[in-house]
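Student: Fold the following.
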Amino acid sequence: MKKLTIYLLALVTLVSCAPEQPDFVNFPYWWNFVDVESLPSGSFHPTSISAVNFNGPLPATPSLPGAEEAQRADTTGLSYYASSLPATSVVQSMLGFTQAKRAWQIAGVYSSIDQNGDSITLSGKLVLPEDLQVRNIVVVSHYTIGANFEAPSQCFPFEGILAGYGYAVVIADYIGFGATSSLPHPYMAGELTATNVLDFYYSVLPYLNAIEMTPMDSSIYLMGYSQGGATTMMVQYLIERDHPDLKIKRNFAGAGPYDLAATYDKWMSDDLTGIPCAVPMIIQGMNIADNLNLDYSIFFKQRLLDSYEDIINSKKYTVKQQGELIGVNRLSDIVTEECRDKRTESSFKLYRALMRNSVAYLWWPQAPVYMFHSQDDDTVPFKNSQIAREEWDLSNIEYNFGHYGNHMKGYLTFLTIVTNFLKQPA
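Tutor: Okay, the predicted model is just below:
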């Protein structure tokens, strides 16, 4: 029997309606994927970020708790909140969980770089199969979040369900979340964010080897939706440029802003966006990533200028709450005319940064890609995937551009498709 020592970060809290339940905070537990629909609304609240330092000393004599020692958290009465997307019975029925599937989840810290190339300690989540038999690693790039409690290290990410089918799910926090929540998030900083994601994979790999959980197949899957869709394509770009020995079995890319300038143009020309916080986030992200030294007073109208630090950088609010606090969907109500005019010096600097951080024009993907985008998407313009299809016409890409509803509904469909593909026998 394989042995294992895992220091788990407990991410559960009991709601007041179930006082008879024991307190499961601060001890290793098993996550139960069943009965999602029966869980009340609420939030997970982590107690710390210190679980496993993947760059630190690895366990020399791993040991697996026996069945009688393994603490199992009864899901009755537990609150559940994984992200801005609510976990409801819709998810349960779409993913078709009919049998209990459990997994170990581990939050840990690792080393990567910031926008200046300096060393930085980041955090992430590793989710492992219950039986400790790993088929492959799935490297996930997560979608846009606003609140720190939505970061992968701070909750159970939806993509963690794949561990129920034998995969090790590796999902990094981006700069500005988890261990670096005090920093502003460099939103859509393409190569920087992809480097952080890839560094987490390379930090987790020796840890898995040390605890005798080396994947049966050394090739990996990539996966990402929305912000994660563009990021996962950038991860593929970095692998094929710098790590040719790492084989990608398939990359699942959903609804990504592959062309940031085209996305920004679409929002500005329509004077409308389904995600109002994205505009100040993307301006700030480009400013940080490319050290543009932008004057936000040139870009933001006074109401947004006075409040964006709290709304965007406090990490207290989900994307939906950020939109509610901004209070409008019309961009002309929150950004200046100079911001919308590409002929101005500041806007031109921004657009050049948008182009530099757009993955669509960098290369032709070599590994197989499954690209998904709902034509009804109200957040990331479908034009992005049309551009990607034109630019990557010689690549091995399977496209699914159906009518699947808005951005959120599209995500649920995308997650279902990926899960159904990966749960098939090898």
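Student: show me what contacts the closest residue to H407 other than its chain neighbours?
Tutor: Excluding its sequence neighbours, the residue lying closest to H407 (Cβ to Cβ, 6 or more residues apart in numbering) is T379, at 3.7 Å. No exception for glycine: its C-beta is placed from N, CA and C like everyone else's. Residues in contact with T379 (Cβ atoms under 8 Å, 6 or more residues apart in numbering) are S226, A255, T273, G274, I275, A278, N406, H407.
Student: ranking those residues by neighbours, who comes first?
Tutor: A255 (29 neighbours; other Cβ atoms under 10 Å).
Student: For the residue minimising distance to the centre of the chain, give me its contacts.
Tutor: The C-alpha lying nearest the average C-alpha coordinate of the chain belongs to H142 (Cα atoms, centre = their mean; 1.0 Å). H142 is in contact with P152, P157, E159, I171, A172, Y174, G224, Q227, G228, counting by Cβ under 8 Å, 6+ apart.
Student: sorry, back to before: what secondary structure does the residue nearest to H407 sit in?
Tutor: coil (DSSP: H, G, I helix; E, B strand; the rest coil).
Student: Helix or strand next in line after the longest helix anywhere in the chain, which one?
Tutor: If each helix of the chain is counted by residues according to DSSP state H, the longest one is helix 190-210. Sequence-wise, the next helix or strand downstream of helix 190-210 (DSSP states H and E) is strand 220-225.
Student: Can you tell me the strand partners of that following strand and which way each runs?
Tutor: strand 137-141 (parallel), strand 248-254 (parallel) (DSSP bridges).
Student: Mean pLDDT, mean neighbour count and distance to I106 added to these, as a markdown table?
Tutor: Compiled in a markdown table, the strands paired with strand 220-225 are given as follows (pLDDT from 0 to 100; neighbours: other Cβ atoms under 10 Å; distance: least, Cβ to Cβ, whole Å):
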| stretch | mean pLDDT | mean neighbour count | distance to I106 |
| --- | --- | --- | --- |
| strand 137-141 | 98 | 27 | 14 |
| strand 248-254 | 98 | 24 | 23 |
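Student: how about a markdown table for those, with distance to F421 added?
Tutor: As requested, those are arranged in a markdown table below (distance: least, Cβ to Cβ, whole Å):
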| stretch | distance to F421 |
| --- | --- |
| strand 137-141 | 11 |
| strand 248-254 | 8 |
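Student: Looking at those, which is nearest to M233?
Tutor: Smallest distance to M233 across the strands paired with strand 220-225 (Cβ to Cβ): 5.4 Å, for strand 248-254.
Student: which stretch among the strands paired with strand 220-225 comes nearest L198?
Tutor: strand 137-141 (7.6 Å).
Student: which residues touch the closest one?
Tutor: Under Cβ under 8 Å, 6+ apart, the answer for strand 137-141 is 152, 157, 159, 162, 167-172, 193-194, 197-198, 200-201, 204-205, 208, 215, 220-224, 227-229, 231-232, 235, 422.
Student: hang on, the earlier thing: okay, now the residue lying closest to the residue nearest to the centre of the chain once chain neighbours are set aside: neighbour count?
Tutor: Sequence neighbours aside, G228 is the residue nearest to H142 in space, at 5.1 Å (criterion: Cβ to Cβ, 6+ apart). By other Cβ under 10 Å, the residues close to G228 number 28.
Student: what do you get for R356?
Tutor: R356: 17 neighbours (other Cβ under 10 Å).
Student: contacting residues for it?
Tutor: R356 makes contact with G190, D290, according to Cβ under 8 Å, 6+ apart.
Student: Phi and psi next, for it.
Tutor: phi -60, psi -30 (degrees, to the nearest 10).
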